[in-house]
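Student: coords below, sequence missing:
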């Protein structure tokens, strides 16, 4: 069973960029845009994360943080983030435990491109799991969902 809108967001603690460990609790108190992406340095993921990075000031205007999660290790994330100048953390879910908790694993265990918006209290208010990973949710759609949070 996977989580959806209205459910409490599953807790996580993962290593990430910036030489630190992150947990869901670190972000509570303000909205979080939790982005599950299949892989560092892949064409669609790179385009997706660059678009979110370009929109960071717009997310910040709604007091929201963006966080990326994928199964690559922290070294891969550091290279990827450094190459593209991402100003949000990338977390390493190498055993895919967090992806499984959020229901983002496909039938053969490959992570599906997915986005969750979690409110300041830790409740999921938006959930999108892609069936095919060739597209991603645009910044405008995520901003609209954030603007509807009470």
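Tutor: Looks like it arrived, so ask away. Treat the numbers as computed from the prediction; the structure is a model and nothing was measured.
Student: next, residue 116: secondary structure please.
Tutor: For residue 116, the assignment made with DSSP: H, G, I helix; E, B strand; the rest coil gives strand.
Student: helix/strand/coil for the residue positioned nearest the centre of the chain?
Tutor: The centre of the chain sits closest to residue 35, judged by Cα atoms, centre = their mean, with a distance of 1.7 Å. Here residue 35 is recorded as strand under three-state DSSP.
Student: do I have it right that it meets residue 48?
Tutor: Yes. Using Cβ atoms under 8 Å, residue 35 makes contact with residue 48 at a distance of 7.5 Å. All C-beta atoms are positioned from the backbone trio N, CA, C, and that covers glycine.
Student: quick revisit: who's the residue nearest to the centre of the chain bridged to?
Tutor: residue 68, residue 115 (DSSP bridges).
Student: so what's residue 129 up against?
Tutor: Residue 129 is in contact with 2, 103, 104, 112, 113, 114, counting by Cβ atoms under 8 Å, 6 or more residues apart in numbering.
Student: now the last one: how far from residue 82?
Tutor: Meaning residue 114. To residue 82, residue 114 is 25 Å away according to Cβ to Cβ, to the nearest Å.
Student: same question, the second one
Tutor: Taken as Cβ to Cβ, the spacing of residue 103 relative to residue 82 amounts to 31 Å.
Student: those two: who's more crowded?
Tutor: The neighbour comparison of residue 103 against residue 82 (other Cβ atoms under 10 Å) goes to residue 103, with 17 against 10.
Student: which element is residue 81 on?
Tutor: Using DSSP states H and E, residue 81 falls within helix 74-84.
Student: in the chain, which spans are strands?
Tutor: Listed in chain order, the strands of the chain (DSSP state E) span 13-16, 20-23, 32-36, 65-70, 90-92, 114-118, 124-129.
Student: can you lay out these as a markdown table showing distance to residue 44?
Tutor: Converted to a markdown table, the strands of the chain look like this (distance: least, Cβ to Cβ, whole Å):
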| stretch | distance to residue 44 |
| --- | --- |
| strand 13-16 | 21 |
| strand 20-23 | 24 |
| strand 32-36 | 12 |
| strand 65-70 | 12 |
| strand 90-92 | 16 |
| strand 114-118 | 13 |
| strand 124-129 | 15 |
